[in-house]
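Peer 1: What shape does this take:
(one chain, ligands or ions: 1)
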Amino acid sequence: MLPTIDREGDVVVMIDQRKLPSQEVYVRCKTAADVARAIKTMVIRGAPAIGVAAAWGIAIGMRRSTATGTQKFAAEFQKTCDLMAATRPTAVNLFWAIERMRRCFAAAAQAGQSVDQIKDGLDREAQMIHDEDVASCRAMGAFGASVVPADAHILTHCNAGALATAGYGTALGVIRGAAEAGKTIAVFADETRPFLQGARLTAWELMRDGIDTTVITDNMSASLMGQGKVNFVVVGADRIAANGDTANKIGTYGVAVLAREHNIPFYVAAPLSTIDLRTADGSHIPIEERNAREVSHIGGAQMAPTNAKIWNPGFDVTPHRFIAGIITEKGILRAPYVETLKGAFAQGRIAELQDSQK
Ligand code: MRU
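Peer 2: Take a look at the predicted model:
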């Protein structure tokens, strides 16, 4: 499996996703601040992966603390969590992972544990978040494989693969699951301007797995669909609101609209940690605005006039009505999402309700 992120002693090691596919370089984060910087600067990206990174960042950060009393240790813990929370705003997995670490800390402190015991508990929690993420991706892969056509021509956007998770991937986990189930798979990877996660990362990791992959620029998908060359779309998610509206990489909304026009099922694959029941609908999801230079330049070369006005939102929101199903580690959720999403948390199991607009 791809080494997206791992812990070696008190160091968090990550493959530098800014350098792929031309260089395989690893970044070693020794402090919580190193991890926060790595998330902010996209050394590691993808919603589940940044949640896992934040958990590890908190664990190694607190491991380095020299505080002996729980009060000082608690103040440092709070600062470390705040540091992680300030990295990127859209992917809710980041805040979910921080919340898990906070709960772990609170339970240990309440039980009267020593600073060393709390440190050990935080390590265990981060390891659990890491391992659960891989297991969730595998489960999504198995559930998702059932809805992938036997001879599949799949379009995906951005990178929701092993690199965007602790391993295996969400949308690419579904593709891997279908391939492992013996289905014939061909993938079209949108290049995903401006950061090129599709061209640089999705193509790189699928080709390593020997999966037939074709890179297209983002403006080619309508033509591809119009020619009948796509029969399934699957993407990941950064935050799914309570009504099923889904924030994902900028450009996803357009792909969903095109898929509807061409009668192609459009699926989202995401773990329950991406579902944010506290956000009622997509209009409340915070969308990260990124640096203008990502749009004005490609590989250092200037593409837009100096001082041109640039708009660079990192994500868009696909309204729930375009989504045929949300593939989770518990099963496939169908509309009405406002009921099935809540039900997934309330009952700990998934009601497979029929979606009239599958
Ligand atoms: O800006 P990024 O690269 O972090 O955005 C990533 C995406 O939008 C992914 O599709 C999403 O996080 C799902 S990853 C399993």
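Peer 1: Surely Asp123 is within a helix?
Peer 2: Yes: when classified by DSSP: H, G, I helix; E, B strand; the rest coil, Asp123 is found to be part of a helix.
Peer 1: What pLDDT does the model give the closest residue in space to it that isn't next to it in sequence?
Peer 2: Among residues not flanking Asp123 along the chain, Ala59 sits closest, at 5.0 Å (CB to CB, 6 or more residues apart in numbering). Every C-beta, even on glycine, is put in place using the N, C-alpha and C of the backbone. With respect to pLDDT, Ala59 scores 98.
Peer 1: what about Trp96, which SS state?
Peer 2: helix.
Peer 1: What distance do you get for the closest residue to it other than its chain neighbours to Thr165?
Peer 2: Spatial nearest neighbour of Trp96, excluding adjacent residues (CB to CB, 6+ apart): Ser273 at 4.6 Å. Distance of Ser273 to Thr165, given as CB to CB, to the nearest Å: 11 Å.
Peer 1: So for the two, which residues contact both of them?
Peer 2: Common contacts of Ser273 and Thr165, defined by CB atoms under 8 Å, 6 or more residues apart in numbering, comprise 48, 133.
Peer 1: Compare those two (neighbour count), which wins?
Peer 2: Comparing Ser273 with Thr165 by other CB atoms under 10 Å, the one with more neighbours is Thr165, at 31 against 24.
Peer 1: burial measure for Pro21, as a count.
Peer 2: The number of residues packed near Pro21 is 15, by other CB under 10 Å.
Peer 1: same deal with the one 3 residues further on?
Peer 2: Residue neighbour count, defined by other CB under 10 Å, stands at 11 for Glu24.
Peer 1: Residues in a beta bridge with Ile240, which ones?
Peer 2: Taking DSSP bridges as the rule, Ile240 bridges to Thr246, Ile275.
Peer 1: roughly how far apart are it and Asp151?
Peer 2: Separation of Ile240 from Asp151 (CB to CB): 29 Å.
Peer 1: Just the pLDDT for the residue in the stretch 101-250 of the chain positioned nearest to the ligand.
Peer 2: In the stretch 101-250 of the chain, the residue that lies nearest the ligand is Gly236 (2.7 Å; CB to the nearest ligand atom). Gly236 carries a pLDDT value of 98.
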